[in-house]
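Trainee: Model the following, please.
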Amino acid sequence: MIDQEEYLISFSNLKSGLFKNQDNFLSDKKLTKYYNNSHFGIPICLPKNIKYFDYSKANFFEIDKKYFSKKIFGTSNLNYIGNKKYFRYGSTFAYNVKIKKKYKSKVRFYIDNVKSIKSKILQLNKKKQKICAMQIRNVPHYGHEAVFKFILKEFDLLILNPIYGIKKKNDFSDRLISIALKYMEKKYKNIKFLPFFSNFHYAGPREAFHHMHIRENLGFKNFYIGRDHAGAENNFQPLDAIKTVKKQKSKFNLKIISSSGGYYCEKCSNYLIKGTCKHKKLKNISGTSFREYLFKKKLYPHADKQLQKLINKKV
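Mentor: Residues are numbered from 1 along each chain as shown. Modelled structure (predicted):
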């Protein structure tokens, strides 16, 4: 998937009604509302000269990178991956654009993807099961599985609802995520795998709000916010997203489920949610180490060995 296709996906998401506070690329005036309302989530803006769009009647504006970074990513570090991704085509943005005719079929594909997910969730809701959605961008290790089990204690069905799209270097590919989560779907009878196309921003608490809007508009009533949700490069504290969304939960028609994450307790010889046993020394399971093991085709001790063998055959 080529890099600029991110904006085609964003345009399709906007037209699908996936985002609560915008249905088109933002103007500079509307961007200000996002600065002042963190629960709005991520502002979706369009850089100039993206090949999919007709700019003949466009209005252009500049975004102050430093101000944007502080407001959206909570950092003054312009080298943070979120900033580098957002401003990789410069700081000039546009609105009042049209999609070029020859790309309308691609837009239809992404819109149909969202419609299909909405339809499936609607049918599941009709069964009157207690359903929780979870965003995941990694191949699961046993720490993730501890979170799955934690959620399934309260819910009849867990829907692993990952985003497919343009990712940062070293993130797991959509293909590997698909292999892994289909495996989890078979391993757990009450887990279902439903991916959809959207984009990553690495904006921590802001992106947690963004994800809440998406899941609410997809039809979910419950959504899991994880430790270091949508964070990268240690830019956010591990529980920032959870603490932030709980303060503004009244802005959403969505119940938030959260935990302190899955760890390994050597004394219990078990993978569990932090705080659910009396022991204080718990082993944090490193997603980075797991990724390195997988790419070297070595077996990581804190993840399902059959899953790893399956992935090793496919890589």
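Trainee: Determine how far the worst-scoring helix or strand of the chain on mean pLDDT lies from the middle of the whole chain.
Mentor: Every helix and strand in the chain was compared by mean pLDDT, DSSP states H and E; the lowest is helix 287-295, with a mean of 90. With Cα atoms, centre = their mean, to the nearest Å as the basis, helix 287-295 stands 20 Å off its chain's centre.
Trainee: Going by neighbour count, list what's buried in it.
Mentor: 287, 290, 291, 293, 294 (16 or more other Cβ atoms under 10 Å). Any C-beta I mention is one placed from the backbone N, CA and C, and that applies to glycine too.
Trainee: again with stretch 171-190
Mentor: 171-172, 174, 176-181, 183-185, 188.
Trainee: In PDB, list the C-alpha atoms belonging to that stretch.
Mentor: The C-alpha trace of stretch 171-190 is given here as PDB (Å, rounded to 0.1, in the frame of the first residue of the first chain):
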ATOM      1  CA  ASP A 171       5.100  -2.200  13.300                       C
ATOM      2  CA  PHE A 172       3.600  -5.600  12.500                       C
ATOM      3  CA  SER A 173       2.200  -5.900   9.000                       C
ATOM      4  CA  ASP A 174      -1.500  -6.300   8.300                       C
ATOM      5  CA  ARG A 175      -0.800  -9.700   7.000                       C
ATOM      6  CA  LEU A 176       0.900 -10.900  10.200                       C
ATOM      7  CA  ILE A 177      -1.800  -9.300  12.400                       C
ATOM      8  CA  SER A 178      -4.400 -11.200  10.300                       C
ATOM      9  CA  ILE A 179      -2.600 -14.500  10.700                       C
ATOM     10  CA  ALA A 180      -2.200 -14.000  14.500                       C
ATOM     11  CA  LEU A 181      -5.800 -12.800  15.200                       C
ATOM     12  CA  LYS A 182      -7.400 -15.500  13.100                       C
ATOM     13  CA  TYR A 183      -5.400 -17.900  15.200                       C
ATOM     14  CA  MET A 184      -6.800 -16.300  18.400                       C
ATOM     15  CA  GLU A 185     -10.300 -16.500  16.900                       C
ATOM     16  CA  LYS A 186      -9.900 -20.300  16.700                       C
ATOM     17  CA  LYS A 187      -8.200 -20.600  20.100                       C
ATOM     18  CA  TYR A 188     -10.900 -18.700  21.900                       C
ATOM     19  CA  LYS A 189     -14.500 -19.600  21.000                       C
ATOM     20  CA  ASN A 190     -15.700 -16.200  22.300                       C
END
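Trainee: so residue 159 makes contact with residue 131?
Mentor: Yes - using Cβ atoms under 8 Å, residue 159 is in contact with residue 131, at 6.2 Å.
Trainee: list residues touching both of the two?
Mentor: 121, 124, 220 (Cβ atoms under 8 Å, 6 or more residues apart in numbering).
Trainee: Looking at the record's assignment, how would you partition the chain?
Mentor: Structural domains assigned to the chain are 5-105, 120-314, following automatic domain parsing.
Trainee: so which of those domains gets nearest residue 114?
Mentor: With Cβ to Cβ as the measure, domain 5-105 is the member of those nearest residue 114 (4.0 Å).
Trainee: From the opening residue of the closest one to its closing one, how far?
Mentor: 13 Å (Cα to Cα, to the nearest Å).
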